[in-house]
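Q: 3D model of this:
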Amino acid sequence: MVDQVIQVVRDVARYEVMPRFLRVGKTRKEDGSLFTEADLACQQVLQQRLPAILPYPVLGEEMTREEQDALWDANQAGLWVVDPIDGTTNFVNGLPYFAVSVALMINGVSELGVIYNPVSDEMFYARRGCGAYLNGQRLPLKTVANSMGDAIAAVEIKYLRSGKLAARMGSVAPFGSQRSMGSSTLDWCFLAAGRYDIYLHGGQRLWDYAAGAVILEEAGGRIASLNTDDYWADTIWKRSAIAALNPELFAQWHKWVRANQ
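A: Modelled structure (predicted):
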């Protein structure tokens, strides 16, 4: 099944996404976020092809909130969750950091995740209980830092609504250096690969974390949220993340974030 999903994702990236790279105009949705005709075309193909693999409906970012709510409420037994292009701002501006993301969720928990950056041809994927991989190579790719002072952190500052945490992140954060590159799905994958060491995000949408969180967990990573240590029990539509690949480093990072909320 993972191989089938990978093929679908490769196809939509090849035929719907990349031919439009740097060739489409942008439009803003009601919430202010960007989308393009490439997002819509990619989502339409995913809606057609994923149910042929397993007969579950597809919930996509480019649907209305009412459609998303209805699909979520009626399909806990099985639901495909897709982000046709995560990192649309990067996509329309020629920055090669965006991805197609597909997850299979059952009873509110991700069981499968596939995330593909078509520019770098990097396919990240995992099925719960079976490990996580990048182009066939088991994740993580390398040994990660176990010292907070050496850690590379992926942090999305603008979503940290807590004034105290945001302020301390910019002044006394304990890590070595910080990155923010504009694609939540790829952030999860880079963490799982060991390219990042720790992660903090103040609030992701369902399609931002559905595939990436299971990839990180299957790579051996740990996750909590700003609200609860039971990550999968937190609010569905806007879920924060405190995460690390190394369990020892996670304990240090988790403790620091909790103390500074």
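Q: where do the strands sit along the stretch 1-150 of the chain?
A: Taking DSSP state E, counting those that start in this stretch as the test, the strands found in the stretch 1-150 of the chain are 27-28, 34-35, 58-60, 79-86, 99-106, 109-117, 122-127, 132-134, 137-138.
Q: got these as JSON lines, with mean pLDDT columns?
A: Rendered in JSON lines, the data for these read as follows (pLDDT from 0 to 100):
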{"stretch": "strand 27-28", "mean pLDDT": "66"}
{"stretch": "strand 34-35", "mean pLDDT": "66"}
{"stretch": "strand 58-60", "mean pLDDT": "97"}
{"stretch": "strand 79-86", "mean pLDDT": "97"}
{"stretch": "strand 99-106", "mean pLDDT": "98"}
{"stretch": "strand 109-117", "mean pLDDT": "98"}
{"stretch": "strand 122-127", "mean pLDDT": "98"}
{"stretch": "strand 132-134", "mean pLDDT": "98"}
{"stretch": "strand 137-138", "mean pLDDT": "98"}
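Q: go ahead and list the helix or strand containing the nearest residue to Glu217 once chain neighbours are set aside.
A: In space, and not counting its chain neighbours, Glu217 is closest to Ile223: 6.8 Å by C-beta to C-beta, 6 or more residues apart in numbering. To be clear about C-beta, it is placed using only N, CA and C from the backbone, and glycine gets the same treatment. Under the criterion DSSP states H and E, the helix or strand holding Ile223 is strand 222-224.
Q: give me the neighbour count for Ala99.
A: By the other C-beta atoms under 10 Å criterion, the neighbourhood of Ala99 contains 33 residues.
Q: let the chain start at 44 from now.
A: Will do, 44 is the new start, and the previous item becomes Ala142.
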